[in-house]
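Colleague: build me a structure from this.
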Amino acid sequence: MRRREFIAGLSAATAWPLAVRAQQPALPVIGFLHSQSLPAFVEPVATFHRGLAETGYIEGKNVAIDYRWAEGRVDRVVALAAEMVRNRYAVIAIIGSTPGALALKAATRTVAIVFQVGPDPVTAGLVASLNRPGGNLTGVSVINVEVIAKRLQLLHELVPAAKSVAFLVNPDNAAATEAEMKEMQPAARALGLRLIVLEVRTSADIETAFPTTFPDQAGALVVGGDSFFSARRDQIIALAARYRVPTIYAGRSPRAGGLMSYGPDTNEPYRIVGVYTGRILKGAKPADLPVQQPAKFQLSINLKTAKALGLTVPQSILLRADEVIE
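Modeller: Next up is the predicted model:
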């Protein structure tokens, strides 16, 4: 399916009133809540649909989906979560927001909830354990927090001359930011690096952060794993190129011109959320579905971007890379 057709289909589905759907009682309705907005997540959402299809559910055929988009605002995702619980969906899938998932948990003990979050869901208070979640929540933890120190190490290996490194975080996602800082601060000290934390809440904040930080204060940048940054990938890549900042990302940004990324496959968690949503529609209980975590992490690097920045990529990185873009 083409990108334009898929967006059009999602837009039509989003506009389909629940009152109309209520006229079709045989059709279960999934509530789909995303912390960001559609344009940056077309491919992952299509992967969610593929996961649903693996369990036999096709939107418009035997299941309906009500889409809600929080546009990158934590206050909005929490408000939408409270609203969605009142709609009595068969299942609610929430993507990219620990605060939103916690709001759903606080609002209902009966509606099944499937999440995709970055921090450890046990530490965050979403589930009792990974193997036996308990309650009405389960899903996927993409472990963006735990690999943040590895990103810093890889960036230092590529740019050893940079003694100060900036770290881009979204303070509105307080739980994830706090967890990332606990990983980053000792990692920076161990490498003898000065860590400069850049707190940004909007695209305008990102635009301002670059000229005030690079190159005078920091020589490289680590982008946090929050989906807020995934939605603004192209903006960050363009600014990193303009200000000649070696940057490492969570998602596979080298395909779009970013320098380097390290993390789990960005699409696979959406497929798992789709599969779990379908299994729950068939009668499975969230408490019996273990929280899944990525089995593989991918290192990607763009040699063209490295050359533009005047960097020589060491063999130690090239030999470990899963994807090298030339």
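Colleague: give me the neighbour count for the nearest residue to residue 146 once chain neighbours are set aside.
Modeller: Nearest-residue entry for residue 146: residue 183, 6.8 Å, with adjacent residues in sequence omitted and distances by C-beta to C-beta, 6 or more residues apart in numbering. Just so you know, the C-beta spots here come from the backbone N, C-alpha and C atoms, and that holds for glycine as well. Counted with other C-beta atoms under 10 Å, residues neighbouring residue 183 total 17.
Colleague: for the protein, name the helix or strand with the lowest mean pLDDT.
Modeller: Between all helices and strands in the chain, the lowest mean by mean pLDDT, DSSP states H and E belongs to helix 18-21, at a mean of 46.
Colleague: confirm residue 196 sits in a helix?
Modeller: No: checked against DSSP: H, G, I helix; E, B strand; the rest coil, residue 196 lies outside a helix; its state is strand.
Colleague: burial measure for it, as a count.
Modeller: Around residue 196 sit 16 other residues, with neighbours defined as other C-beta under 10 Å.
Colleague: pretty sure residue 175 is touching residue 121, no?
Modeller: No: in terms of C-beta atoms under 8 Å, residue 175 does not count as a neighbour of residue 121; the distance is 10.5 Å.
Colleague: so those two - more neighbours on which side?
Modeller: When residue 175 and residue 121 are compared for neighbours, residue 121 comes out ahead with 25 against 19, by other C-beta under 10 Å.
Colleague: now for that one: which residues touch it?
Modeller: By C-beta atoms under 8 Å, 6 or more residues apart in numbering, the contact set of residue 121 is 101, 115, 127, 130, 133, 137, 139, 141, 291.
Colleague: check residue 172 too.
Modeller: Applying C-beta under 8 Å, 6+ apart, one finds that residue 172 lies in contact with 73, 74, 201, 228.
Colleague: can you tell me the SS state at the third one?
Modeller: In three-state terms, and counting by three-state DSSP, residue 201 is coil.
Colleague: how about it: what's its closest non-neighbour residue?
Modeller: residue 172 (5.6 Å).
Colleague: sorry, back to before: so among the contacts of residue 121, which ones count as buried?
Modeller: Buried positions within the contacts of residue 121, assessed by neighbour count (16 or more other C-beta atoms under 10 Å), are 101, 115, 127, 133, 137, 139, 141, 291.
Colleague: partners of the fifth one in the sheet?
Modeller: Spelled out, it's residue 137. Taking DSSP bridges as the rule, residue 137 bridges to residue 113.
Colleague: domain parsing for this protein?
Modeller: 3-142+266-288, 148-264+297-325 (automatic domain parsing).
Colleague: any idea which of the ones you listed scores lowest on pLDDT?
Modeller: Comparing mean pLDDT across the domains of the chain, the weakest is domain 3-142+266-288, with a mean of 87.
Colleague: so how far is it from its chain's centroid?
Modeller: In terms of C-alpha atoms, centre = their mean, to the nearest Å, the centre of domain 3-142+266-288 is set 14 Å apart from its chain centre.
Colleague: now the helices for the chain?
Modeller: With DSSP state H as the definition, the chain shows helices at residue ranges 3-15, 18-21, 42-54, 74-85, 98-107, 121-124, 148-158, 174-190, 203-213, 227-230, 233-242, 268-281, 303-308, 315-318.
Colleague: among those helices, which is the most enclosed?
Modeller: helix 227-230 (a mean of 25; mean count of other C-beta atoms under 10 Å).
Colleague: off-centre distance for that one?
Modeller: In terms of C-alpha atoms, centre = their mean, the gap separating the centre of helix 227-230 from the centre of its chain is 6 Å.
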